[in-house]
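>>> need a 3D model of the sequence below.
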Amino acid sequence: MSLTKQIVQKVMKAPQIGGFRRYLFIGPHPDDIEIGAGALAAKLAAAGKEVYFLVCLDGRFGGGNRPLLSPDELAAERKAEAKASASVLGAKEVRFLDLCDGGFYDLDELERSIARVVGEIKPDILFAPDSCVESECHKDHLNVGRAVRSIACFAPYSGIMERYGAERADIKALALYFTAKPNRFVSTSGFLSVQLDAIFSCHKSQFPVPSAEADSLKLYLKLRAVEYGLRCLSKSGEAYRVLDATRMHCLPEGC
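A predicted model of the protein is given here:
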């Protein structure tokens, strides 16, 4: 680690995730928010924070466990599952862009649609999948992650947001889940069970119980929670790559 990076990281600490009032969790598909950040969302909601969800894509092609459903029928089922799951986690509201799963949408439309929701909700912090993970190959995760990164940077600028057809929003931080390079570990002790309930009692089209898929995901989430919990001296935890406004632009030493 360079001397500059050591000094910058010591002097300019990444924001503490729990220090905000209004949170917007953005997921590519129904179930991504729950898997990537469900325990934290539940913890924040239980603490009286304003927690909002935005699901960008309709998940119509994720039907391995519902082969008899048409894509339209599966999309409707997955939307209902996402609503039920958001309720379990305590979200104040869940919104849907209803864009087509599988990358069959216009990237400009995706970015503009996200910008409009951000301008309406005006969250303090955004959550999205990390689009800079080398192993990530899913186009939808990459596209949504990149779009949210752009909006997080541009949201405070009225002139730019007007071009998106959106209101400005004073975004103070961006937290990336599904990340390989976390800089914040957050205790979720007591909320892992809520996360698991939201996934396995609600998202049955993707993770029917019992099934190998459900068993594998449950084991992964428990192992991940223990590992990240150790990093913050807790029984369970989640990990994020957190960027404040300074880190979002021209400061590679900040992370």
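>>> middle-most residue in this structure, spatially?
Closest to where the C-alpha atoms of the chain average out (C-alpha atoms, centre = their mean) is residue 128, at 3.7 Å.
>>> is it true that that one lies in a helix?
No: assessed with DSSP: H, G, I helix; E, B strand; the rest coil, residue 128 is strand; it does not lie in a helix.
>>> could you say which helix or strand holds the spatially closest residue to it that is not a sequence neighbour?
Leaving aside its chain neighbours, residue 128 sits nearest to residue 148 (3.6 Å; criterion: C-beta to C-beta, 6 or more residues apart in numbering). All C-beta spots, glycine's among them, are computed from the backbone N, C-alpha and C. Here residue 148, judged by DSSP states H and E, is contained in helix 139-154.
>>> helices or strands next to that helix in the packing?
strand 22-27, strand 50-57, helix 107-121, strand 125-129, strand 173-177 (3 or more C-beta pairs under 8 Å, 6 or more residues apart in numbering; DSSP states H and E).
>>> tell me which residues of it come out buried.
140-154 (16 or more other C-beta atoms under 10 Å).
>>> any idea how far the nearest residue to residue 140 once chain neighbours are set aside is from residue 161?
Excluding the flanking residues, the one nearest residue 140 by C-beta to C-beta, 6+ apart is residue 28, at 4.3 Å. To residue 161, residue 28 is 22 Å away according to C-beta to C-beta, to the nearest Å.
>>> cool, and residue 144?
Taking C-beta to C-beta, one finds residue 144 at 19 Å from residue 161.
>>> OK, contacts around residue 216?
For residue 216, the contact set (C-beta atoms under 8 Å, 6 or more residues apart in numbering) is empty.
>>> which SSE is it in?
For residue 216, the host element (DSSP H and E) is helix 212-231.
>>> hey, C-alpha coordinates of that helix in PDB?
This file holds the C-alpha atoms of helix 212-231, laid out as PDB (Å, rounded to 0.1, in the frame of the first residue of the first chain):
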ATOM      1  CA  ALA A 212     -30.500 -28.300  -3.500                       C
ATOM      2  CA  GLU A 213     -30.600 -24.600  -4.500                       C
ATOM      3  CA  ALA A 214     -32.100 -23.600  -1.200                       C
ATOM      4  CA  ASP A 215     -29.700 -25.700   0.900                       C
ATOM      5  CA  SER A 216     -26.700 -24.300  -0.900                       C
ATOM      6  CA  LEU A 217     -27.700 -20.700  -0.600                       C
ATOM      7  CA  LYS A 218     -28.600 -21.100   3.000                       C
ATOM      8  CA  LEU A 219     -25.200 -22.600   3.800                       C
ATOM      9  CA  TYR A 220     -23.400 -19.900   1.900                       C
ATOM     10  CA  LEU A 221     -25.300 -17.100   3.700                       C
ATOM     11  CA  LYS A 222     -24.600 -18.600   7.100                       C
ATOM     12  CA  LEU A 223     -20.900 -19.100   6.400                       C
ATOM     13  CA  ARG A 224     -20.700 -15.500   4.900                       C
ATOM     14  CA  ALA A 225     -22.500 -14.100   7.900                       C
ATOM     15  CA  VAL A 226     -20.100 -15.800  10.400                       C
ATOM     16  CA  GLU A 227     -17.000 -14.700   8.500                       C
ATOM     17  CA  TYR A 228     -18.100 -11.100   8.200                       C
ATOM     18  CA  GLY A 229     -19.300 -11.100  11.800                       C
ATOM     19  CA  LEU A 230     -15.800 -12.000  13.000                       C
ATOM     20  CA  ARG A 231     -14.500  -8.900  11.200                       C
END
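>>> alright, I will stop here.
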